[in-house]
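A.B. asks: Model the structure of this input:
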Amino acid sequence: MDDLQTDFVRLEQVCAGLEKERNFYFGKLREVEVKCVPDAEEETTITKEEILTILYRTDDNGEFQQPDEVQESDDDTF
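C.D. replies: Residues are numbered from 1 along each chain as shown. Next up is the predicted model:
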């Protein structure tokens, strides 16, 4: 029985780590998406370099940074 509980705890930890990683990369893609959608006032363009900067951004320790918080748009069209 202890083996099952140990396995369960380990799998919960793995699942939590995978969810954190998923959210990390989804946040980066969402930030790129927001920059690609034009505002009502102006046409938006994003360069390849800007996209790569978002995707490969790291902190001072060389760790990947969490993406900036972006506001959810009421308009879900792309």
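A.B. asks: Tell me which helix or strand the spatially most central residue of the chain sits in.
C.D. replies: Centroid-nearest residue in the chain, with Cα atoms, centre = their mean: residue 27, separated by 2.1 Å. Per DSSP states H and E, residue 27 falls inside helix 2-36.
A.B. asks: so what does the next helix-or-strand element following that helix touch, helix or strand wise?
C.D. replies: Sequence-wise, the next helix or strand downstream of helix 2-36 (DSSP H and E) is helix 48-55. If you count contacts as 3 or more Cβ pairs under 8 Å, 6 or more residues apart in numbering; DSSP states H and E, helix 48-55 packs onto helix 2-36. For glycine as for every other residue, the C-beta is placed from the backbone atoms N, C-alpha and C.
A.B. asks: how about the helix it packs on: buried residues?
C.D. replies: The neighbour-count check on helix 2-36 (16 or more other Cβ atoms under 10 Å) flags 27-28, 30-32, 34-35 as buried.
A.B. asks: Out of those, which is nearest to residue 10?
C.D. replies: Proximity of the buried residues of helix 2-36 to residue 10 (Cβ to Cβ) peaks at residue 27, which lies at 26.2 Å.
A.B. asks: re the thing from before, now for the buried residues of helix 2-36: which two are most distant?
C.D. replies: 27 and 35 (12.9 Å).
A.B. asks: and the helix holding residue 27, how far from the chain's centre?
C.D. replies: With Cα atoms, centre = their mean, to the nearest Å as the basis, helix 2-36 stands 11 Å off its chain's centre.
A.B. asks: If you count contacts, what does that helix end up packed against?
C.D. replies: Using 3+ Cβ pairs under 8 Å, 6+ apart, helix 2-36 sits against helix 48-55.
A.B. asks: still on that earlier bit, now do the helix holding residue 27, average pLDDT.
C.D. replies: In this model, helix 2-36 has a mean pLDDT of 91.
A.B. asks: go on, stretch 53-70?
C.D. replies: Per-residue scores along stretch 53-70 average to 68.
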